[in-house]
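> sharing a sequence plus its predicted fold:
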Amino acid sequence: MPVSAAVVSNTVSELSGIAAQGGVADPVVVAVRELVRTRLAPKVLDVDLKAEYPEDLLREIGAMGGYRGAASPAHGGDGRGLRQVVQVMEEASRECLSTGFMIWCQTACARYITLSDNAWVKERYLPRIVSGELLAGTGLSNTMKSADTIEDYRLCARRAEGGYVINGVLPWVSNLGPDHVFVTGCPVRGADGELEGLAFVLVDCGQPGFRLVDCARFIGLDGTRTLACQFKECFVPDAMVLAQPSRSAAYLARIKPGMILAQMGMGLGLIDGCALLMAQSNRTHGHVNQYLDDQVGEVVEALEQARATTYELCDAVDADPDGGAARTLEVLKLRLAGGELSVRAAHAAMLHQGAKGYLVRNAAQRRLREAYFVAIVTPATKHLRREIARMGCATPAVPARAA
């Protein structure tokens, strides 16, 4: 079904993605949009090509309230929840997926703490994280894949008096620095070597026994401060434990839906940006672009459907004291469709731009590289399809092209 020019214009114009709360634009999201326009847009090439880490910008987003949806008002949040988290991520990702991804890292870490039972960590760390004073990452990629039997655990821990001693290496964790923190999950083994469960911990990157190490260069998202994390007899006290092994299964089930759902903010923003590139190309080449498989109206229609479903699920997850565990399958299916639509939209944008899409300063080739990240970042397309199949369901197809 064709989409009107007005709908396309509203989606890909500067009015796109205005976040409504009761029919009123969310001032935080509007403020972030202006920051993206004035501060981030001129720096996108430096972030992409020079691997520049936009630390000042990330702190400024926090200062204006961009991370507050990830925490309760009692700990520095604003109570607007996942919907606002996703919308802020959309604003950044429409221009720069690296920045959108780091917003996800920051808010994911905040949500892990929010959903834990550790009152001390909430009081000490959450206000600093959601304000942007303390920057944070999420090191749960290996934890999640290992829990789903996709790969082996990279860390191991043993119980010690007052905490855990951790050894091992996590190869890639993003949004890190010597004064940052991140959350990871580590298998705890007893004296007999048997797995007792996982300990979820908040790690201070400046603590003894822990070291950050530069890793390989990437073709995209290289400005996200992605580093290897080495643990050598690293002691993490119980005060920094978010979930003990006996409660780790319930904790993982509680944080998983929101963690995965929030990633839709990256995809929605990227797809919107790709639709804009397509529309821009059509101003001069619409007469020939009309023969391509995917048209801007079709991409916009699929985007709006995905956006509406995302916001609805965000509200449902926030309303569930179990973190939306009962909606996990819906979240997995939506996230899979979001990754596949991201690749489809970026592919279409590249074809619309044509040869000039190969230029270093043209956004089309960058958006294509970014789209593959949405499809590959944990949980990747193959991971999502496997988990959906394990739950006894057929995997959804990418939204069909119009006839």
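Received the coordinates, thanks. Computed from a predicted structure; not experimentally measured.

> C-alpha only now, for contacts and for neighbours.
Fine.

> and the strands in the stretch 201-350 of the chain, which stretches?
Using DSSP state E, counting those that start in this stretch, the strands of the stretch 201-350 of the chain run over 210-214, 227-237, 241-243.

> break the chain down into its structural domains.
Domain ranges of the chain: 16-136, 139-246, 250-390, per automatic domain parsing.

> can you list the ones you listed in TSV and add mean pLDDT and mean neighbour count?
As requested, the domains of the chain are arranged in TSV below (pLDDT from 0 to 100; neighbours: other C-alpha atoms under 10 Å):
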stretch	mean pLDDT	mean neighbour count
domain 16-136	93	21
domain 139-246	95	18
domain 250-390	97	21
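
> out of the strands of the stretch 201-350 of the chain, which gets nearest to R159?
strand 227-237 (9.7 Å; C-alpha to C-alpha).

> neighbouring contacts of that closest one?
162-174, 176, 201, 203, 208-215 (C-alpha atoms under 8 Å, 6 or more residues apart in numbering).

> and with 6 Å instead?
Strand 227-237 is touched from outside by 162-173, 209-215, with contacts defined as C-alpha atoms under 6 Å, 6 or more residues apart in numbering.

> also stretch 102-115?
For stretch 102-115, the external contacting residues (C-alpha under 6 Å, 6+ apart) are Y67, A70, A71, A136, G137, T138, N175.

> any idea how far the third one lies from R33?
The one in question is A71. Going from A71 to R33 by C-alpha to C-alpha, to the nearest Å gives 21 Å.

> helices of the stretch 51-200 of the chain, start to end?
Using DSSP state H, counting those that start in this stretch, the helices of the stretch 51-200 of the chain run over 55-63, 81-93, 97-114, 119-130, 141-147.

> would you format the ones you listed as a markdown table with distance to T184 included?
Output for the helices of the stretch 51-200 of the chain, formatted as a markdown table (distance: least, C-alpha to C-alpha, whole Å):
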| stretch | distance to T184 |
| --- | --- |
| helix 55-63 | 21 |
| helix 81-93 | 21 |
| helix 97-114 | 9 |
| helix 119-130 | 15 |
| helix 141-147 | 7 |
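
> ok, which of those comes nearest L45?
Comparison of these against L45 by C-alpha to C-alpha identifies helix 97-114 as nearest, at 11.0 Å.

> now do that closest one: distance to the chain's middle.
How far helix 97-114 lies from its chain's middle: 6 Å, per C-alpha atoms, centre = their mean, to the nearest Å.

> convert it to PDB, retaining C-alpha atoms only.
C-alpha atoms of helix 97-114 as PDB (Å, rounded to 0.1, in the frame of the first residue of the first chain):
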ATOM      1  CA  LEU A  97      24.900   4.600  15.200                       C
ATOM      2  CA  SER A  98      28.100   4.700  17.200                       C
ATOM      3  CA  THR A  99      26.600   7.300  19.500                       C
ATOM      4  CA  GLY A 100      23.300   5.500  19.600                       C
ATOM      5  CA  PHE A 101      25.000   2.300  20.600                       C
ATOM      6  CA  MET A 102      26.900   4.000  23.500                       C
ATOM      7  CA  ILE A 103      23.600   5.400  24.700                       C
ATOM      8  CA  TRP A 104      22.400   1.800  24.800                       C
ATOM      9  CA  CYS A 105      25.500   0.700  26.700                       C
ATOM     10  CA  GLN A 106      25.000   3.500  29.300                       C
ATOM     11  CA  THR A 107      21.300   2.900  29.800                       C
ATOM     12  CA  ALA A 108      21.600  -0.900  29.700                       C
ATOM     13  CA  CYS A 109      24.100  -0.800  32.600                       C
ATOM     14  CA  ALA A 110      21.700   1.500  34.500                       C
ATOM     15  CA  ARG A 111      18.800  -0.900  34.000                       C
ATOM     16  CA  TYR A 112      20.800  -3.900  35.100                       C
ATOM     17  CA  ILE A 113      21.400  -2.000  38.400                       C
ATOM     18  CA  THR A 114      17.800  -0.800  38.600                       C
END
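
> where does the closest residue to L270 other than its chain neighbours fall, phi/psi-wise?
Nearest residue to L270 in three dimensions, chain neighbours excluded: R94, at 4.9 Å (C-alpha to C-alpha, 6 or more residues apart in numbering). When read as degrees, to the nearest 10, the backbone of R94 gives phi -60, psi -30.
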